[in-house]
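S.K.: just need the structure, nothing else, for what follows:
(chains A and B)
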Amino acid sequence: GENVEQHPSTLSVQEGDSAVIKCTYSDSASNYFPWYKQELGKRPQLIIDIRSNVGEKKDQRIAVTLNKTAKHFSLHITETQPEDSAVYFCAASKRAAGNKLTFGGGTRVLVKP
Amino acid sequence: DTGVSQNPRHKITKRGQNVTFRCDPISEHNRLYWYRQTLGQGPEFLTYFQNEAQLEKSRLLSDRFSAERPKGSFSTLEIQRTEQGDSAMYLCASSADIRVGSYEQYFGPGTRLTVT
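M.R.: Now for the predicted structure:
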């Protein structure tokens, strides 16, 4: 089955700096890659996603890049703010497997004011 | 509130008891997923439904676990003879029909189960 690795497990940045989280996946048939933000005690919240026919997608301060050849994708957060502090999860899925999500282990991001 | 809802939000039970959780998906979403999340880990897939049909069950789902979605709307997840290792957050997510190109899954707030 699919395996998703996520790095780093923790990330501390100064407010205003950029944060980058990287994920690799094992199943070359995976075609959908969402990112979720989870605050303490809250539900995972979809913040951005990318499909395999696209190399990059941007939404305000958040961007995701995908390298299908290398089987890795990354989340970029620019101009970080204290409210960006949370745990971020990457995930991968494929339509043939019912789009069930396989998650990475998560990255705890702390934005220091 | 038009989002995914789950009940109860917290459940404390003694080992050996049965528990049942409920998930109400976003209206008209025909796919419903159950995941389990333990502290410090990402959610792990348990099972999913398309309408009322249960299409896949994870190896994680032992015989003590059963899920239903009888009318293709809400779903229930039952755990029989609970064990301490069942303690976790049980998350439900729903998604529109992928045949119309929708892949996004939206999560409910979860049910936190504590087995004592």
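S.K.: touching stretch B:63-74 from outside, list them.
M.R.: B:22-25, B:30, B:32, B:34, B:46-47, B:49, B:51-52, B:54, B:57, B:61, B:75-83 (CB atoms under 8 Å, 6 or more residues apart in numbering or on different chains). To be clear about C-beta, it is placed using only N, CA and C from the backbone, and glycine gets the same treatment.
S.K.: same deal with stretch B:33-43?
M.R.: The list of residues contacting stretch B:33-43 from outside it, by CB under 8 Å, 6+ apart, reads A:6, A:44, A:89, A:91, A:100-101, A:103-106, B:23, B:44-49, B:60, B:67, B:75, B:77, B:87-95, B:105, B:110.
S.K.: which of those residues count as buried?
M.R.: Buried residues within the contacts of stretch B:33-43, defined by neighbour count using 16 or more other CB atoms under 10 Å in any protein chain shown: A:6, A:44, A:89, A:91, A:100-101, A:103-106, B:23, B:44-49, B:67, B:75, B:77, B:87-95, B:105, B:110.
S.K.: check the offset of the helix-or-strand element of chain B with minimal mean pLDDT from the chain's centre.
M.R.: Lowest mean confidence among the helices and strands of chain B (mean pLDDT, DSSP states H and E): strand B:53-57, at a mean of 93. With CA atoms, centre = their mean, to the nearest Å as the basis, the distance from the averaged C-alpha position of strand B:53-57 to the chain average is 12 Å.
S.K.: confirm residue A:96 sits in a strand?
M.R.: No. The assignment for residue A:96 is helix, going by DSSP: H, G, I helix; E, B strand; the rest coil, so no strand is present there.
S.K.: what about it, neighbour count?
M.R.: One way to gauge burial is a neighbour count; for residue A:96, by other CB atoms under 10 Å in any protein chain shown, it gives 10.
S.K.: now the nearest residue to it once chain neighbours are set aside: which helix or strand?
M.R.: Spatial nearest neighbour of residue A:96, chain neighbours left out: residue A:29 (6.5 Å); criterion: CB to CB, 6 or more residues apart in numbering or on different chains. Taking DSSP states H and E as the definition, one finds residue A:29 inside no helix or strand.
S.K.: need the pLDDT of residue A:29.
M.R.: Predicted confidence (pLDDT) for residue A:29: 93.
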